[in-house]
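A.B. asks: how would this look folded up:
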Amino acid sequence: MSKNRQDSYIFCTSLIRANENSMLPWDELVRAAEADDFKSAMNVLNERGYGDGKDLQNPRDFVNMLTAEEEKTYEFVFSALPEKSELELFKYQKDYHNAKAALKAEFLGIDSEKYLVSGGNFEPKVMADMIRERNFIFLSTEMKDAINEAVELFGKGRDPQEIDIILDKACYSEMLKSAESFGNLFLIGYVRLLIDILNVITFVRLRQIGKPWAFFKKVFLEGGLIPENLFIGGYEENYQQLADKFVPYGFGEIIEKGAAKVKTTGMYSLLEKLCDNKRIEYIKDAKFVSFGIEPAAAYLVAKESEIKNLRMILTGKIAGTPKEVILERLRKTYV
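C.D. replies: Predicted coordinates for the structure are as follows:
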């Protein structure tokens, strides 16, 4: 449990439960995916409150619609929380993304604005200004140290990949420390799962492009449940044999099917889908929590997945992707 008393979440959890009813169940996603065209798919979503019933003038306006939905989700959840700091860790990824974007733009001599994203603990422009001015007074010690290290290393080797490596390690380390500081096992478990997923995907990507295991050691994220030596020891094994070793950590199918498909086809869609489904399966435990931070955290993850599904559907409709292919790519739903 969180350090907050359980009864302080009665109001928050009640609001979350009520809003869960407006989330898209699987059959509604299928309806949208099987619609004949973009407009028909949007009609399905309009019925569920997306787009406020407006007829989008430009099909690509749906990007703005989904961005607005994500922002609305965060505003709603954080307005309901009795202690907002408990879920700020969900915004760290966007803060660190903006820090990376601002640094790279600076080093390349370009404007960072179009690479920044909203939804972090800091407004995108504020983060970009802090990076440009090297004014880190409002940043965490971990983030400040990571930025300084990235700047120093880039100055020596001019390798922008170093920026990603250093800031990614700091991001997930800070997320885990934040979850642990509140002592909530659900949040701790979720961050550890997220780290494991990222390590698995990185492991498969590096093997696919022929990077040596020494490079994987360099980018490996600490804090997950899958130990580094399991990855390193299996770096040369085929995925069918390796899958058995990942079963105790719940990643057997992901390695056996998802990673193996990358090996044979070069396509990551199944691997990423199975990893996203694993996150949804994890957060479903929040349904059994009467009152607490868990339903709010699960709602954020579930809405993120829902928006990802809608992005795939609408993008597919614009591109003329066959319905069967769109359906195959859809992630599990929370409701």
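
A.B. asks: quick one: low-confidence ranges for the stretch 201-335 of the chain?
C.D. replies: Low-confidence segments of the stretch 201-335 of the chain, defined by pLDDT under 70, are absent; every residue clears the threshold.

A.B. asks: where along it do the helices fall?
C.D. replies: 213-219, 228-233, 239-246, 252-253, 260-265, 269-283, 293-319, 323-329 (DSSP state H, counting those that start in this stretch).

A.B. asks: tell me the most buried of the ones you listed?
C.D. replies: Burial among these, expressed as mean neighbours by mean count of other Cβ atoms under 10 Å, is greatest for helix 293-319, which shows a mean of 21. No exception for glycine: its C-beta is placed from N, CA and C like everyone else's.

A.B. asks: related to what we said a few turns ago, so which of the helices of the stretch 201-335 of the chain gets nearest L89?
C.D. replies: Of all the helices of the stretch 201-335 of the chain, helix 293-319 sits nearest to L89, with 9.2 Å by Cβ to Cβ.

A.B. asks: elements contacting the closest one?
C.D. replies: Under the contact criterion of 3 or more Cβ pairs under 8 Å, 6 or more residues apart in numbering; DSSP states H and E, helix 293-319 touches helix 10-20, helix 26-34, helix 38-47, helix 62-80, helix 185-208, helix 269-283, helix 323-329.

A.B. asks: give me whichever of the ones you listed is most buried.
C.D. replies: For the helices and strands packed on helix 293-319, the stretch with the most neighbours on average is helix 185-208, a mean of 20; neighbours defined as mean count of other Cβ under 10 Å.

A.B. asks: centre of the chain versus that one, how much separation?
C.D. replies: In this view, helix 185-208 has its centroid 11 Å away from the chain centroid, taken as Cα atoms, centre = their mean, to the nearest Å.

A.B. asks: do stretch 143-150 as well
C.D. replies: In terms of Cα atoms, centre = their mean, the centre of stretch 143-150 is found 22 Å from the chain centre.

A.B. asks: of all the helices of the stretch 201-335 of the chain, which one is nearest L66?
C.D. replies: Put simply, out of the helices of the stretch 201-335 of the chain the one that sits nearest L66 is helix 293-319, at 5.1 Å, with distance taken as Cβ to Cβ.

A.B. asks: and the angle from the closest one to helix 10-20?
C.D. replies: For helix 293-319 and helix 10-20, the angle between their directions (axes from the mean of the first three to the mean of the last three Cα atoms, to 10 degrees) works out to 20 degrees.

A.B. asks: can you give me the angle helix 293-319 makes with helix 269-283?
C.D. replies: Going by the same axes, to 10 degrees, helix 293-319 is angled at 150 degrees with respect to helix 269-283.

A.B. asks: quick revisit: quick one, which of the helices and strands packed on helix 293-319 is nearest to F246?
C.D. replies: Of all the helices and strands packed on helix 293-319, helix 185-208 sits nearest to F246, with 8.0 Å by Cβ to Cβ.

A.B. asks: which neighbouring elements make contact with the closest one?
C.D. replies: Using 3+ Cβ pairs under 8 Å, 6+ apart as the test, helix 185-208 ends up in contact with helix 161-182, helix 213-219, helix 260-265, helix 269-283, helix 293-319.

A.B. asks: JSON lines for those helices, including distance to A105?
C.D. replies: Conversion of the helices and strands packed on helix 185-208 to JSON lines gives the following (distance: least, Cβ to Cβ, whole Å):
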{"stretch": "helix 161-182", "distance to A105": "11"}
{"stretch": "helix 213-219", "distance to A105": "22"}
{"stretch": "helix 260-265", "distance to A105": "31"}
{"stretch": "helix 269-283", "distance to A105": "27"}
{"stretch": "helix 293-319", "distance to A105": "25"}
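
A.B. asks: out of those helices, nearest to L24?
C.D. replies: Of all these, the one in closest proximity to L24, counting by Cβ to Cβ, is helix 293-319 (5.6 Å).

A.B. asks: looking at the helices of the stretch 201-335 of the chain, which is closest to A80?
C.D. replies: For the helices of the stretch 201-335 of the chain, the distance to A80 is smallest for helix 293-319, at 7.0 Å, taking Cβ to Cβ.

A.B. asks: between that closest one and helix 62-80, how many degrees?
C.D. replies: Going by the same axes, to 10 degrees, helix 293-319 makes 170 degrees with helix 62-80.

A.B. asks: N98 - how many residues pack around it?
C.D. replies: By other Cβ atoms under 10 Å, 26 other residues sit near N98.

A.B. asks: for N21, same thing?
C.D. replies: Neighbouring residues of N21 were enumerated by other Cβ under 10 Å; the total is 8.

A.B. asks: and the closest residue to it other than its chain neighbours, what is it in contact with?
C.D. replies: Spatial nearest neighbour of N21, excluding adjacent residues (Cβ to Cβ, 6 or more residues apart in numbering): V335 at 7.9 Å. V335 makes contact with 20-21, 23-25, 302, according to Cβ atoms under 8 Å, 6 or more residues apart in numbering.

A.B. asks: contacts for stretch 172-182?
C.D. replies: Stretch 172-182 is touched from outside by 2-3, 86, 88-89, 92-93, 140, 142-143, 187-188, 190-192, 194-195, 198, 221-223, 293, with contacts defined as Cβ under 8 Å, 6+ apart.
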